[in-house]
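Participant: Sequence first, then the predicted structure, then my questions.
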Amino acid sequence: MITLEEYRSRRERLIQRLREAGEPDPVVVLQGAPAPAAHDRFRQYNDLMYLAPAEAPHAYLLVDGRGGQVVTTLYLASQSKESADTDGPHLSSSDVDTALAVTGVDRAKDLSEMGAALERVKVIFTAFRPGEGSRESWDTLQRARAGVFSDPWDGRLDRAARFVQLLRERYPSARVLDVSAHLDALRLVKSPAEVELLRRAGELSARGLVEAMRVTRPGAYEYQLDAASRFVYLDHGAFGESYRAIVGGGTNAWYGHYNANDAKLQDGDLVLFDCGPDYRYYASDITRMWPVNGRYTDEQRQLYGFMLAYHFALLKHLRPGITGEKVTELAKEEMEQAAARTDWLKPAYAKAARWSLDFPWHLSHPVGMAVHDVGHYRGGELREGVVLTVDPQMRVPEERLYLRVEDTVVITADGIENLTASAPYDMDEMEAVMREAPGAPLGAYRRAWED
């Protein structure tokens with residue numbers, strides 16, 4: 001659990017970073033998420049939630065670093081009696097005492113008062129990027145933004161861009177600057193409390209994947225595997241999934257972010273399963289591949305076995321103080337020898353192995369409050385507390401085969417902790433899991449912990 005003191009420390013560290021960057025009196029204002037358009041559970045934007053646990057629609061957080069102090073004010077919309085009676089109460093300006101107790105901020109006020117608080121501010125920092133909501137990451141939001149801008153019948157500003165525009169229009173004497181890079185740097189390195197939440201999310205993703213494995217059979221649909229994993233997430237109190245699962249049977253796995261999940265699984269094919277929960281605002285990411293009929297062919301064993309070996313070679317070299325590029329280089333040297341020793345069943349497989357060894361991004365992306373989390377670890381030494389995916393990949397174009405195995409790991413003081421390691425890797429073990437009777441409704445699933 002993240003304490004109110006940790007939230008306060010994050011706000012203080014953010015202001016300290018801005019001061020060190022040359023702004024002695026910074027003020028940060030972050031826009032929260034709007035109320036859902038449907039009757040969905042509200043989920044706050046990650047950036048605001050990182051600084052204060054304020055789960056309220058249309059909230060704004062102002063962190064004032066002027067005069068050597070750090071004073072945080074939470075601006076809240078009011079909640080009508082009708083809304084409270086029909087939807088249930090949430091944090092609002094109607095109950096300031098509860099808002100202060102829940103969030104630990106210094107002040108809580110009605111949203112109508114925020115305008116006056118910004119009138120004499122010289123430097124306003126805010127996030128220029130769209131806020132990450134349910135099942136969203138910075139990269140998916142960027143693609144969506146580009147799509148809107150390129151539509152000649154749309155082209156509207158998103159909420160983040162509109163907020164920046166309003167700040168500049170209403171406070172023309174203030175400089176409005178982007179705080180995103182500073183938030184990214186803080187969010188990249190996880191605290192022990194964050195790692196514990198990520199550990200639980202990782203265990204949950206592994207259990208969801210195993211449940212999907214148990215219900216796999218020829219004639220089943222990809223979405224049924226997805227449903228099995230989501231049942232596990234929800235039963236453990238997760239919001240649901242941190243991204244739409246990729247359930248690619250056969251050649252559907254060729255598409256890196258396949259999301260239709262509506263095809264019937266075919267006897268003789270492999271299925272790629274890539275999933276992760278949204279557990280208390282923290283994500284995870286795991287991928288395994290298994291045979292739809294429960295038995296790997298010789299060709300499947302050779303290709304997937306090479307991916308597993310590559311995966312473990314990468315894991316072995318991860319530690320603080322080494323760059324991701326060096327880890328990839330060391331693993332590649334090891335696997336070049338393995339590839340040379342292998343009696344490949346087809347020339348296309350030897351070619352695919354060489355492609356895999358030359359592919360540079362087997363250490364893929366950070367994981368945290370979003371599955372493709374903010375922050376950058378490439379080009380520098382890995383640090384304790386950085387969480388990332390290890391994701392070696394192989395393509396066989398001649399057969400439209402795509403293979404990979406993926407785990408989420410955290411860099412520790414002396415190496416790594418694999419947060420998703422409880423899902424099986426060994427192909428004999430995976431076949432044994434698939435032989436288990438599915439039972440009703442979703443197999444031999446049991447709760448992993450009690451909250």
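Facilitator: Done, it's in.
Participant: And the average pLDDT for the host helix or strand of Gly248 is what?
Facilitator: When elements are assigned from DSSP states H and E, Gly248 belongs to strand 246-249. Strand 246-249 shows a mean pLDDT of 98.
Participant: what do you get for stretch 102-109?
Facilitator: In this model, stretch 102-109 has an average pLDDT of 98.
Participant: quick one: Ile184 from Asp151, how far?
Facilitator: For the record, residue 184 is Asp, not Ile. Relative to Asp151, Asp184 is positioned 28 Å away (CB to CB, to the nearest Å). (Glycine included, C-beta is placed from N, CA and C.)
Participant: same thing with Gln69?
Facilitator: Remark: distance between Gln69 and Asp151 (CB to CB) = 45 Å.
Participant: cool, and Leu111?
Facilitator: 31 Å.
Participant: Leaving out chain neighbours, which residue sits closest to Leu198?
Facilitator: Among residues not flanking Leu198 along the chain, Tyr282 sits closest, at 5.2 Å (CB to CB, 6 or more residues apart in numbering).
Participant: ok, the one you found - contacts?
Facilitator: If a contact means CB atoms under 8 Å, 6 or more residues apart in numbering, then Tyr282 has Glu194, Leu197, Leu198, Arg200, Ala201, Gly368, Met369 as its contacts.
Participant: cool, and Ser242?
Facilitator: Counted by CB under 8 Å, 6+ apart, Ser242 has contacts Arg135, Ala201, Gly276, Pro277, Asp278, Ala283, Ser284, Asp285, Ala370, Val371.
Participant: Which strand or helix spans Val374?
Facilitator: Counting by DSSP H and E, Val374 is part of no helix or strand.
Participant: what about the nearest residue to it once chain neighbours are set aside, neighbour count?
Facilitator: Nearest residue to Val374 in three dimensions, chain neighbours excluded: Asp184, at 4.2 Å (CB to CB, 6+ apart). Using other CB atoms under 10 Å, Asp184 is surrounded by 18 other residues.
Participant: Same check on Arg301?
Facilitator: 16.
Participant: Backbone dihedrals for the residue nearest to it when sequence neighbours are not counted, please?
Facilitator: Nearest-residue entry for Arg301: Met427, 6.0 Å, with adjacent residues in sequence omitted and distances by CB to CB, 6+ apart. The phi/psi pair for Met427 (degrees, to the nearest 10) reads phi -70, psi -30.
Participant: hey, where'd the strands end up in the stretch 351-451 of the chain?
Facilitator: Here the stretch 351-451 of the chain has its strands, by DSSP state E, counting those that start in this stretch, at 363-366, 387-390, 393-396, 401-404, 407-411, 416-418.
Participant: Also the stretch 1-150 of the chain?
Facilitator: 27-31, 60-64, 71-76, 107-110, 123-126.
Participant: Could you work out the end-to-end span of stretch 251-270 for me?
Facilitator: 9 Å (CA to CA, to the nearest Å).
Participant: got the contact list for the residue nearest to Leu403 when sequence neighbours are not counted?
Facilitator: Excluding the flanking residues, the one nearest Leu403 by CB to CB, 6+ apart is Met394, at 4.6 Å. Going by CB under 8 Å, 6+ apart, Met394 touches Leu303, Phe306, Met307, Ala352, Ala353, Trp355, Ser356, Leu401, Tyr402, Leu403, Arg404.
Participant: pLDDT value on Met394, please?
Facilitator: 97.
Participant: That one and Ala350, how far apart?
Facilitator: The value you get for Met394 to Ala350, if CB to CB is used, is 11 Å.
Participant: Also Leu166?
Facilitator: Leu166 is 59 Å from Ala350, by CB to CB.
Participant: can you check Gly380 too?
Facilitator: 35 Å.
Participant: same deal with Ala59?
Facilitator: Ala59 is 57 Å from Ala350, by CB to CB.
Participant: and what of Glu55?
Facilitator: Taken as CB to CB, the span from Glu55 to Ala350 is 53 Å.
Participant: what residue ranges in the stretch 301-450 of the chain score low on pLDDT?
Facilitator: 437-450 (pLDDT under 70).
Participant: Which stretches in it count as helices?
Facilitator: Assignment of helices within the stretch 301-450 of the chain using DSSP state H, counting those that start in this stretch yields the ranges 324-341, 347-358, 427-435.
Participant: From the chain's centroid, how far away is the shortest one?
Facilitator: Spelled out, that is helix 427-435. Here the centre of helix 427-435 is set off from its chain's centre by 28 Å, with CA atoms, centre = their mean, to the nearest Å.
Participant: Mind listing what's buried along that helix?
Facilitator: Met427, Met430, Glu431, Val433, Met434 (16 or more other CB atoms under 10 Å).
Participant: Contacts only, for the second one.
Facilitator: Residues near Met430 by CB under 8 Å, 6+ apart: Met213, Arg288, Trp290, Pro424.
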